[in-house]
Each structure stands twice: as C-alpha cells, then as structure tokens.
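Visitor: Here is a sequence together with a model predicted from it:
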Amino acid sequence: MYLGALKGMTSRLPSLNGLRAFEAASRHMSFTLAASELNVTQTAISHQIRRLEEELGVRLFIRQNRSLSLTPEATEYLPGVRAAFNDLRLATDRLLRRDDDHVLTVSTLASLAAKWLLPRLSAFQEAHPGIDVRITTSTSLVDFQRDKVDAAIRYGRGQWAGLRADWLMADELFPVCSPSLLQGNKPLKSPEDLRDHVLLHTGNANSDDWRLWLTAAGLPTDVSKQPGITFDILFVTIQAAIDGIGIAMGRTSYVQDDITKGRLVVPFKIALPADAGFYLVSPQGRPDTAKLSAFRSWLGAAAHTAP
C-alpha cells in the first residue's frame, strides 16, 4: 500500500529540469538569461518549459515578440515551486552540515605534526571513533572561514588578534645527536667538542637556535658558522641527527619521543628555555562544537603528559 501511494505521488511530480528552467526563466523573465544561469542552451530551456507545460496541461508563459510574461496559472504556481526549491536547498545544507559535524580539520606545522601530533593522534581516534580528523600543514596563520579549519596549533606568544589561544606547551633548546657520536675518534664529551662535528641547521624560523644556545653555554657564536648542513624543515633536521649525519639543535616537543626510544641522546646538560610556546588557536567568540571541545580537552591533556 505504501509503495503504491509513493508511486502515485511521484508520478504526479513534473520534471525537475523543467521546474528549474521555469523558476529561472520566471525570475529573469528571459529564456536567454535562464539558459546562462543553468549553463544550457536557450533551445534546451525552451524544450524543458514546453515539456513542463505539456506535463502540467497548462500554459506557463505568454510569449510576445521578445518579451515574456507569466500566465495567471504560472503566477499562482511559482511561489510553491520556489518554496520547494528553497526547502530542497535547506535540506541539502542540513545534510552537509551533519556530515561536517563528524569532520575535524586541524592546521599545524609540518614538523610538529610529524614529530609530536601524529604519534599521539591514535589515542584521540580510539577515544572518539566517530570523529574524522583531517590534518593540514602550514606555516601561515589560517583563515578559519575560507580554509574551513576548526582549529590550529601555532607557535608564538599567544597574542593573535581575534583569536582564542589556549596554552599547550613550551620548548627548551638543546643539542641532540645519534648515540653513535658519543663514541669513536672524536666523542662528544663537552660543548667545546662541537667544533669537531657537523652542525645541522634549520632555516627560517629556527635559524637562530644554535647561536642562542651557544651564547647560553658560554661558547663563541662563530662555532655555529662552521661548515654544516641546513634543512628547510625541522623534522628533516632531526632525522639527519638520528641518522648520525651531525648534531641538531633540538626542541623538546620535536625530539622527546626519539630520546625516549633511544634514537637520540642529549650530550650536554645545558638547556635553553624558548621564548615562546605552542597554542591551540580558534576564532574568538565562536562556541566550540562537540568535536572541537573533545579535541581541545584531549590535546591539553596530551600536551601535559610525559612521553
């Protein structure tokens, strides 16, 4: 009985293409402009409307030379058609928003994603299996509206206009290297021994790390200018240190897992506190969605948990 009723209802519905052509042509009062909007030919619009008129058994347009006008029947029919299209758009928007409710997009730095966030992210997924996490990497501040990003993990002092910034963690600077460099013909025993080894550098934002640490250690900064290797991304610099290529200037959040697992060692006890830290950033004044609230809570706990 239900299927029969449904079949009877759908059999009375006219062509969707014909309804779209009718609504657009009524709004523009022009078949040409309707065709342009719907990306079809004017002939196609004419055929679709003629077919719609045949299906309905009524005339919809009065064609006079180069002008159009609606028949009384079309004038009465048009508000219902427009309301139906509006309901369809609203239903589609609700469906897409419902899908978005399960997608959490987080922007962060590539090195932090590789060395800190990704190794921990499975714990969040296990706790919240219904949330689809998407990680994007960028060194620039994101446009949350344009880029459709829910939150970002950024490094700085927590002062970004129009943004909420929640403190996560701070870094310390200290040299790290492969355990193999503590032995051999020129073992690392004191900071002065750095002159006998290749120093690994990271360009851009981290380019001053070696100079700052050497100053704190009481060593001349020209040590940092000796021939070495420079990379453009910090996690590549760290990987080079793991591979025994040289000594890198580590930052806590990027190297703590490798130290714990024995892939890296800290040859000296001198650590320099960084002058900034990591923050979870989101638009100020925007209420947290359930997915962002869950991520904010988990991330804060993860940042304060020892590796």
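Guide: Sure, I can see it.
Visitor: Tell me how far the closest residue to residue 52 other than its chain neighbours lies from residue 153.
Guide: Computed as CB to CB, 6 or more residues apart in numbering, the closest residue to residue 52 that is not its neighbour in sequence is residue 18, at 3.3 Å. Every C-beta, even on glycine, is put in place using the N, C-alpha and C of the backbone. Taking CB to CB, to the nearest Å as the criterion, residue 18 is separated from residue 153 by 51 Å.
Visitor: Also residue 129?
Guide: 22 Å.
Visitor: now residue 264
Guide: On the measure of CB to CB, residue 264 and residue 153 end up 22 Å apart.
Visitor: ok, now residue 269?
Guide: The value you get for residue 269 to residue 153, if CB to CB is used, is 29 Å.
Visitor: More neighbours: those two, which one.
Guide: residue 153 (21 against 6; other CB atoms under 10 Å).
Visitor: give the contact list for the more buried one.
Guide: By CB atoms under 8 Å, 6 or more residues apart in numbering, the contact list for residue 153 reads 106-109, 112, 117, 168, 278-281, 299.
Visitor: Check the average confidence over the host helix or strand of it, would you?
Guide: Here residue 153 sits within strand 151-156, counting by DSSP states H and E. Mean pLDDT, strand 151-156: 92.
Visitor: What is whatever helix or strand residue 123 lives in packed up against?
Guide: Residue 123 belongs to helix 118-127 when assigned by DSSP H and E. Here helix 118-127 touches strand 132-137, helix 290-303, going by 3 or more CB pairs under 8 Å, 6 or more residues apart in numbering; DSSP states H and E.
Visitor: Show me how this protein divides into domains.
Guide: 2-100, 171-275 (automatic domain parsing).
Visitor: So what's the gap between the first one and the chain middle?
Guide: Per CA atoms, centre = their mean, to the nearest Å, the displacement of domain 2-100 from the mean C-alpha position of its chain is 38 Å.
Visitor: SS state for the residue lying closest to residue 190 once chain neighbours are set aside?
Guide: Distances taken as CB to CB, 6+ apart put residue 268 closest to residue 190, at 7.4 Å, once the chain neighbours are dropped. Secondary structure, DSSP: H, G, I helix; E, B strand; the rest coil: residue 268 is coil.
Visitor: The one 10 residues further on now?
Guide: Per three-state DSSP, the local secondary structure of residue 278 is strand.
Visitor: shouldn't it be in contact with residue 168?
Guide: Yes. The pair residue 278 / residue 168 is scored as a contact, 4.4 Å apart, by CB atoms under 8 Å.
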